[in-house]
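*Asks:* sequence first, then the predicted structure:
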Amino acid sequence: NAVVFPWNTFGLKDHWTLRLSAEDTVGNKKSVTSTIDLGVRKDLVKSLDAAPRLFSPNNDQKLDTTTITFEVTDACNVKIDLLDNNGQSVKSFTTVTSAAGKGTFVWDGKNNAHSTVPDGTYTVQLVASLTATPQVNQTETLSLIVDTTPPVISVAGLVDNACLNRTELPITGAINDPNLTGYNVAIAGPTGTTALDSGNQNRNGYSFGSITDLSEDTYTLTVDGNDLGENSAKLTRTFIIDRTPPKVTLATPTSGAYFGGAGNIIDISGAIVEKNLAHYSLRYGMGESPVQWQEMVGGDSMPANSKLFSLKAGKSDAIVDGTYTISLYAKDKAGLEGEVRVKVIIDNTPPDVSITLPKDGGYVTKPADITGTLADANLDSGTLELAQGACSAAVNWTVSKTITASVTGGALDMWKVLPADGEYCLKVKAA
């Protein structure tokens with residue numbers, strides 16, 4: 001239901017037959033005919049034409065105007081109306097010819113209000129009336145097309161500057177223009193430019209082709225189209241093929257390191273290697289497989305240096321004792337991920353030490369167990385020591401036993417041979 005071609009019937013009369021034929025790419029053919037009676041022509045108007053029949057009044061210096069020419073056989077009053085699809089006049093032009101002759105009217109696509117008319121088909125209606133006898137007149141018409149709109153191009157599923165993890169990329173999209181003359185689809189990459197498709201008909205949801213064997217690099221897809229009004233459009237999509245996940249490393253701390261007490265600062269250093277980083281996160285969580293993470297630092301650009309963060313892990317820093325996992329996680333724009341984890345132990349609680357027997361100030365008269373507690377979740381070592389004299393003045397300590405495993409309310413050592421009679425001090429300590 002669109003204009004196939006404007007047919008200028010000026011100068012023609014009687015019966016004519018139109019035939020429209022079509023053939024598809026596999027050889028199927030079809031044609032239809034229609035007979036038209038143009039009737040008997042009058043001879044006041046010798047010619048009526050317009051060039052170009054399709055023009056584009058959009059001030060791009062290309063086909064901005066059309067020139068309407070006519071010739072009459074006698075002195076006439078001539079009126080030209082430009083009619084829209086509703087038969088309404090959008091622009092008028094009048095002139096008087098003193099004798100037989102030719103005339104021209106240049107239309108710039110503006111209406112009577114000096115605004116550019118919408119795109120579409122317009123009818124040039126020329127009415128010539130004899131100056132001497134106005135009742136004698138002749139009306140002739142022809143069609144013009146106004147097209148100021150470039151082709152509309154779209155590509156499905158590919159945004160500009162996309163980063164993709166794939167080796168093959170199908171290109172699907174659409175190109176539409178009622179007066180399309182042609183389009184071209186091409187891809188530029190590291191090995192040059194390759195044509196994918198070209199044509200001269202509208203496409204919707206159409207597969208322009210598929211790009212295969214894509215290496216990791218930057219590519220540019222270009223789709224351009226032109227129409228009869230010399231309007232042009234170009235769509236470009238630059239994209240990156242990236243199939244390599246981010247490489248992340250943590251140099252410090254080492255896995256299994258202990259922090260707390262005097263060593264209450266965890267200096268975290270590492271690196272991320274990724275050209276197309278989308279986001280990174282340095283985080284920690286309780287346990288060896290945290291279900292919740294606390295982010296220390298993150299962002300969508302690469303860290304400025306290898307020292308990523310210093311985490312305070314002292315007793316007053318609101319981090320409870322326990323095993324923690326530090327994670328450096330990165331995700332690139334193609335959706336690929338990389339992560340490295342290290343386990344650390346935070347311990348700000350000193351060991352639990354006590355002596356229950358012998359009691360403070362008590363007497364030992366025979367060999368017996370020395371009982372008490374020397375315990376810590378992260379015990380390194382402990383000692384049971386003895387010195388002669390009161391505890392407040394004891395200086396010369398002798399290690400009677402080294403303890404490497406926690407003891408809670410049990411025997412720390414057994415006094416098999418008692419020292420010489422006298423006052424002694426027992427001390428238990430652990431780290």
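*Replies:* Yep, that arrived.
*Asks:* distance between the ends of stretch 163-173?
*Replies:* End-to-end distance of stretch 163-173 (Cα to Cα, to the nearest Å): 19 Å.
*Asks:* which residues touch that stretch?
*Replies:* Contacts with stretch 163-173, where a contact means Cβ atoms under 8 Å, 6 or more residues apart in numbering, come from 153-158, 185, 187, 196, 203, 205-214, 221, 223, 239-243, 276, 278, 332-336. Just so you know, the C-beta spots here come from the backbone N, C-alpha and C atoms, and that holds for glycine as well.
*Asks:* ok, now stretch 417-431?
*Replies:* 351, 353-355, 358, 364, 366-367, 370, 372, 374-376, 379-391, 394, 397, 403, 412.
*Asks:* from Q388, how far out is the residue in the chain sticking out farthest from the centre?
*Replies:* Seen from the C-alpha centroid of the chain, the residue lying at the greatest distance (Cα atoms, centre = their mean) is D421, 86.4 Å away. As for D421, its distance to Q388 is 11 Å (criterion: Cβ to Cβ, to the nearest Å).
*Asks:* among the contacts of stretch 163-173, the buried ones, what's the ChimeraX command?
*Replies:* Entered in ChimeraX, the line below selects the buried ones among the contacts of stretch 163-173, by 16 or more other Cβ atoms under 10 Å:
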select :153,155,158,185,187,196,203,206,208,209,211,214,221,223,239,240,241,242,276,278,332,333,334,336
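*Asks:* report the buried members of the contacts of stretch 417-431.
*Replies:* Using 16+ other Cβ under 10 Å, the buried members of the contacts of stretch 417-431 are 351, 353, 355, 358, 370, 372, 374-376, 379, 382-388, 394, 403, 412.
*Asks:* just to check, V273 is in contact with P246?
*Replies:* Yes - V273 lies in contact with P246 (Cβ atoms under 8 Å); the separation is 6.9 Å.
*Asks:* tell me which of the two has more neighbours.
*Replies:* With neighbours defined as other Cβ atoms under 10 Å, V273 and P246 compare such that P246 has more, 23 against 13.
*Asks:* quick revisit: specify the local secondary structure of the residue farthest from the centre of the chain.
*Replies:* coil (DSSP: H, G, I helix; E, B strand; the rest coil).
*Asks:* of the contacts of stretch 163-173, which belong to strands?
*Replies:* Of these, the ones assigned to strands by DSSP state E are 153-155, 185, 187, 196, 203, 205-211, 221, 223, 239-241, 278, 332.
*Asks:* could I get the contacting residues of P178?
*Replies:* A2, D147, D227.
*Asks:* one step back: identify those among the contacts of stretch 417-431 that sit within strands.
*Replies:* 353-355, 370, 372, 374-375, 382-388, 403, 412.
*Asks:* between those residues, which is closest to D108?
*Replies:* A375 (98.1 Å; Cβ to Cβ).
*Asks:* pull the number of nearby residues for the closest residue in space to that closest one that isn't next to it in sequence.
*Replies:* Leaving aside its chain neighbours, A375 sits nearest to S406 (3.9 Å; criterion: Cβ to Cβ, 6 or more residues apart in numbering). Close neighbours of S406, defined as other Cβ under 10 Å, add up to 17.
*Asks:* ok, S406 - contacts?
*Replies:* L374, A375, D376, L379.
*Asks:* and stretch 248-265, how far apart are its ends?
*Replies:* End-to-end span of stretch 248-265 (Cα to Cα): 22 Å.
*Asks:* Y122 contacts L144, correct?
*Replies:* Yes - using Cβ under 8 Å, Y122 is in contact with L144, at 4.8 Å.
*Asks:* which of the two has more neighbours?
*Replies:* Y122 (24 against 21).
*Asks:* quick one: buried residues of the host helix or strand of the more buried one?
*Replies:* In this assignment (DSSP states H and E), Y122 forms part of strand 120-130. Across strand 120-130, burial judged by 16+ other Cβ under 10 Å covers T121, Y122, T123, V124, Q125, L126, V127, A128, S129, L130.
*Asks:* what is T220 paired to in the beta sheet?
*Replies:* Taking DSSP bridges as the rule, T220 bridges to A188, T238.
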